[in-house]
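**Q** Build me a model:
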Amino acid sequence: MKPNFSEKSKFKDAPKTTVKLTDLLKVEPKKEQSAAQVKVEQDEPFTPEKLRAVWEEYAETRKKFQAEYHLLRQPYDLKDNVITVPLHNTVEEIMLNSLRIELSTFVREKLKNYSIQIFGEMRIIEDTRKVMYTPREKFEYLMEKNPALKELKDRLGLDTDY
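**A** Numbering: from 1, shown residues only. Next up, the predicted model:
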């Protein structure tokens, strides 16, 4: 069946407008605001005590997530509006990266200082202690702490190897 074009369609009363693609792409330039209209907020100085209070307040909001809470309860370093959180493994790094934006926003708004930055730093803990397995090793360790144990051992005739 052929469509009947001789008959006026239901669109005969529709306005005949032509839309040009160039008109759609035109963007009006934004009006520049004068310096008087732009409100620039000055960063307020803060003390380490205020930061600690705000940090703990945020940590309390994350208390239901034990790993995040534990990470936030660790001591951090503050130097010139840069907070460095010590990280001990990659899991903590991933956690901090997921928290960083929300934490930064919270701290910045509470302290009214928008130049605060938060970074994580991997710190490898070197455990140089020797693990004591035998009774002799344990006794020698205690003898280093308290030399009177050697005299007690000699007087009583004790053997540490039993």
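**Q** what about the strands in this protein?
**A** Per DSSP state E, the chain carries strands over the ranges 77-79, 82-87, 117-122.
**Q** could I get the ones you listed as a markdown table with mean neighbour count and distance to Arg136?
**A** Just so you know, the C-beta spots here come from the backbone N, C-alpha and C atoms, and that holds for glycine as well. Shown next, in a markdown table, are the strands of the chain (neighbours: other C-beta atoms under 10 Å; distance: least, C-beta to C-beta, whole Å):
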| stretch | mean neighbour count | distance to Arg136 |
| --- | --- | --- |
| strand 77-79 | 11 | 42 |
| strand 82-87 | 17 | 37 |
| strand 117-122 | 15 | 38 |
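**Q** right, so of the ones you listed, which gets closest to Leu152?
**A** strand 82-87 (42.1 Å; C-beta to C-beta).
**Q** How is this protein divided into domains?
**A** 48-122, 127-162 (automatic domain parsing).
**Q** between those domains, which one is nearest to Thr18?
**A** Minimum separation from Thr18 across these (C-beta to C-beta) falls at domain 48-122, 46.7 Å.
**Q** quick one: terminal-to-terminal distance for that closest one?
**A** Domain 48-122 stretches 22 Å from its first residue to its last (C-alpha to C-alpha, to the nearest Å).
**Q** Find the least confident helix or strand in this structure, judged by mean pLDDT.
**A** Within the chain, no helix or strand scores below helix 21-25, which has a mean of 64 by mean pLDDT, DSSP states H and E.
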